[in-house]
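Asks: With the sequence up front, the predicted model follows.
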Amino acid sequence: MIYIHGMNIASVNMNLLPVLDALLAERSVSRAGARLGLSQPAVSNALAQLRALLGDPLLVRKAGGMAPTERALALAGPLRAALLALEQGLEPPAAFDPATAARDFTIATNDFVAFVMLPRLLARLQHEAPHVHLQVRAWQEHVVPSDLGRGDADMMLGFNRGLPAGHQAAPLFEDSFSFVARKGHPLVRGKISLATYTRLAHVLVSHEPNARGIVDEVLAERGRTRNVALRVSHFLLVPPILAATDYVAALSQLVARPMAASFPLQLLPMPLAVPSGTVQMIWHERTAASPAHAWLRRVVGEVGAGIRASCRTVVRK
């Protein structure tokens, strides 16, 4: 406040401020006490502390009550505004109505997850929350971004190598690999052996120099390696490259299946068992109690459940 200039606010007994506010409103020790549920001696004691703290009498006796000093009158407005802001800040968060809410959310994800999830998610938002806008930021690494803790992003969608302290996560869907090559590939005619697989020129989506993928780790367990001839940083670059060359790739089924409808690609089972990966929704605990973020997590979770169900349908077929 303007008259507590240069004072260490941490040394101020904040319990005195509502008393001063009540005294300035009621201009009576007894009425201020009744308003606060305090005894008259307790209010008188608080007033004495306030006078000592601020070096001013604040309220002086007059016929029929007490009159505020010039110092007290100057404090009244800022004090009331500060207490009102604090009261509003401590109130439970307002309910979130997606049909009328106008706000933005920032989501960090990679191109693969965006390709799979965004059409479904945006269709939901357009129908349920027409004034809610998304900003989607590229995040290709499998490391939870610090943006969540800083408040620069609201959610991450993708894979991660470990959940940092202060973050929470929920699984959305599983992603499995298909072996993908162009139709007419001279060494791939409707099937692929492990020996041939390791000799072919592979495309690997990687964001770190010389990084190995999960396929390389599985091969290493068998004492084998593959020929990684090309590294790219985005999943969606892979299908057009495969369609125009003799490169091959282990590619997400969720990307490969729709891309095969647009490019001359053949999709085959992998010649070795490769674990599936779990796409997760990750958020920071600072947003855990927010009704708006809870709504967004629910919608994203339902979109993920729909993708999971569609994957099971394809497997059954």
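Replies: Cool, the structure landed.
Asks: Next SSE downstream of whichever strand or helix holds D216?
Replies: Element membership for D216, per DSSP states H and E: helix 214-221. Later in the chain than helix 214-221, the nearest helix or strand by DSSP H and E is strand 227-232.
Asks: Can you tell me the centre-most residue of this structure?
Replies: M155 (2.1 Å; C-alpha atoms, centre = their mean).
Asks: tally of neighbours for the spatially closest residue to F177 that is not a sequence neighbour?
Replies: Leaving aside its chain neighbours, F177 sits nearest to A250 (4.4 Å; criterion: C-beta to C-beta, 6 or more residues apart in numbering). C-beta: built from backbone N, CA, C; applies to glycine. Residues lying near A250 (other C-beta atoms under 10 Å) number 26.
Asks: can I assume A250 is in contact with S276?
Replies: No - at 11.8 Å, A250 does not count as touching S276 under the criterion of C-beta atoms under 8 Å.
Asks: Stretch 297-311: which residues count as buried?
Replies: Neighbour-count burial for stretch 297-311 flags 297, 299-300, 303-304, 306-307, 311 (criterion: 16 or more other C-beta atoms under 10 Å).
Asks: picking up where we left off before, the helix or strand harbouring the residue nearest to F177 pairs with which strands?
Replies: Following DSSP H and E, one finds A250 within strand 249-252. Here strand 249-252 has these sheet partners by DSSP bridges: strand 177-182 (antiparallel).
Asks: what mean pLDDT would you report for the strand it pairs with?
Replies: Averaged over strand 177-182, pLDDT sits at 96.
Asks: still on that earlier bit, per-residue confidence for the residue nearest to the centre of the chain?
Replies: 95.
Asks: hmm, back to that, list the residues that contact both of A250 and S276?
Replies: F177 (C-beta atoms under 8 Å, 6 or more residues apart in numbering).
Asks: Tell me the spacing between D21 and L75.
Replies: 9 Å (C-beta to C-beta, to the nearest Å).
Asks: So which of these two has more stuff around it?
Replies: The neighbour count for D21 versus L75, taken as other C-beta under 10 Å, is higher for L75 (24 against 20).
Asks: Might one say that the more buried one is in contact with L20?
Replies: Yes - with contacts counted by C-beta under 8 Å, L75 reaches L20, the gap being 7.2 Å.
Asks: Can you tell me the element M156 falls in?
Replies: Judged by DSSP H and E, M156 forms part of strand 155-158.
Asks: For that strand, name the packing helices and strands.
Replies: Packing partners of strand 155-158 (3 or more C-beta pairs under 8 Å, 6 or more residues apart in numbering; DSSP states H and E): strand 103-109, helix 111-128, strand 277-284, helix 291-316.
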